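# whatever this is, show me its structure:
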Amino acid sequence: MSSMNFSSAKQTVKPPQRGIFPLDHESECKPYMEKYISCLKDGQEKHHLCRELSKEYLQCRMDRQLMASEDLDKLGYSEEAKVESAVEYDKSKEKEGFVAGKHIDGRIKWWFQR
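Numbers count the residues shown, from 1 in each chain. Here you go, the predicted structure:
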C-alpha cells in the first residue's frame, strides 16, 4: 500500500501574469479585432496607422472585464508615444551593392589562432 503525503500548508492561488487575460469566448470584441486586423493587412503591417483601432479593441476588452482596467496612457497610447510619421528604411545601400562585413580588410583571426 502506498502512502500519500499531503502538505499541511495552505495553497494560495496566484492571479494570472500581466498580459494574460481570458479569451473572448462570446466574441464580444470580435468586430473591433477584425477592424484592427483588416487595417494591419491593408496598411502593410504598419501598426502605427491602426493605433486608434487597437485602442478601441483594448477598451472593449476592459469594458467587458476581459482584461484588467488600466490607463491607456500606460499601455503606450499617450500623446507622447504617438508615432506621427514613420519612415521605412529604403535599403539604398544594399541596392548599391553594399554587403555587411565586406569592408573589413584581411582575414580575422580567432583568439586561439593569434
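# what residues are up against L49?
Contact partners of L49, counting by Cβ atoms under 8 Å, 6 or more residues apart in numbering, are 39, 43. To be clear about C-beta, it is placed using only N, CA and C from the backbone, and glycine gets the same treatment.
# and if you look at S78?
Under the criterion of Cβ under 8 Å, 6+ apart, the contact list for S78 reads L72.
# per-residue pLDDT of it, please?
At S78, the model reports a pLDDT of 87.
# and for R64?
What the model reports as pLDDT for R64 is 91.
# next, give phi and psi for it.
phi -100, psi 20 (degrees, to the nearest 10).
# where does the protein have low pLDDT?
Counting by pLDDT under 70, the ranges of the chain that qualify are 1-9, 13, 15-21, 103-106, 114.
# residues in contact with stretch 79-94?
Stretch 79-94 is contacted from outside by 46, 48, 51, using Cβ under 8 Å, 6+ apart.
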